[in-house]
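> I'd like to go over a predicted model; first the sequence, then the structure.
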Amino acid sequence: QVQLVESGGGLVQAGGSLRLSCAASGTTVSINVMGWYRQAPGKQRKLVADIDSVGKINSADSVKGRFTISRGNAKITIYLQMNSLKPEDAAVYYCNFRSPLNINVYWGQGTQVTVSS
């Protein structure tokens with residue numbers, strides 16, 4: 001059973017920055033896709049960005065140029081550097097881990113990001 005522990009959410013003013021971290025435990029699977037999704041109140045959970053084991057990145061158009069996803073050396077830790085935050089970026093951010101062919105999919109508990117205007 002993979003467990004995902006997120007950290008780094010909080011309150012920031014518009015234009016500010018936050019860095020989210022997610023560490024996976026309970027797995028030695030280094031071939032995976034890890035990413036960040038977000039869900040605002042009353043809206044669907046949507047992909048922010050993900051990264052596979054060889055560093056290929058997929059990100060939403062709304063965050064390109066502002067958010068950067070990266071992996072730690074152990075390949076089971078990811079980060080999301082969020083710059084130039086906007087009020088519309090406010091949401092609960094969830095870490096996601098997918099094994100090859102999406103056979104197993106895991107979610108973190110979520111971390112709140114609040115952006116004041």
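Yep, it's here. Numbers count the residues shown, from 1 in each chain.

> and the most centrally placed residue in the chain, what does it touch?
Residue closest to the average C-alpha location in the chain (Cα atoms, centre = their mean): residue 36, at 2.3 Å. Contact partners of residue 36, counting by Cβ atoms under 8 Å, 6 or more residues apart in numbering, are 20, 22, 47-50, 69, 78, 80, 93-96. Quick note: C-beta positions are derived from backbone N, CA and C, even for glycine.

> Please, a PyMOL command that selects the buried ones among those residues?
Isolation of the buried members of these (16 or more other Cβ atoms under 10 Å) is achieved in PyMOL through the command below:
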select buried, resi 20+22+48+49+50+69+78+80+93+94+95+96
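
> Narrow the contacts of residue 36 to those in strands?
The members of the contacts of residue 36 that map onto strands under DSSP state E are 20, 22, 47-50, 69, 78, 80, 93-96.

> can you put these in JSON lines and add pLDDT and distance to residue 12?
Formatted as JSON lines, the ones in strands among the contacts of residue 36 follow (pLDDT from 0 to 100; distance: Cβ to Cβ, whole Å):
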{"residue": "20", "pLDDT": "98", "distance to residue 12": "12"}
{"residue": "22", "pLDDT": "96", "distance to residue 12": "18"}
{"residue": "47", "pLDDT": "98", "distance to residue 12": "22"}
{"residue": "48", "pLDDT": "98", "distance to residue 12": "16"}
{"residue": "49", "pLDDT": "98", "distance to residue 12": "18"}
{"residue": "50", "pLDDT": "97", "distance to residue 12": "23"}
{"residue": "69", "pLDDT": "98", "distance to residue 12": "18"}
{"residue": "78", "pLDDT": "95", "distance to residue 12": "20"}
{"residue": "80", "pLDDT": "98", "distance to residue 12": "13"}
{"residue": "93", "pLDDT": "98", "distance to residue 12": "13"}
{"residue": "94", "pLDDT": "98", "distance to residue 12": "18"}
{"residue": "95", "pLDDT": "97", "distance to residue 12": "19"}
{"residue": "96", "pLDDT": "96", "distance to residue 12": "23"}
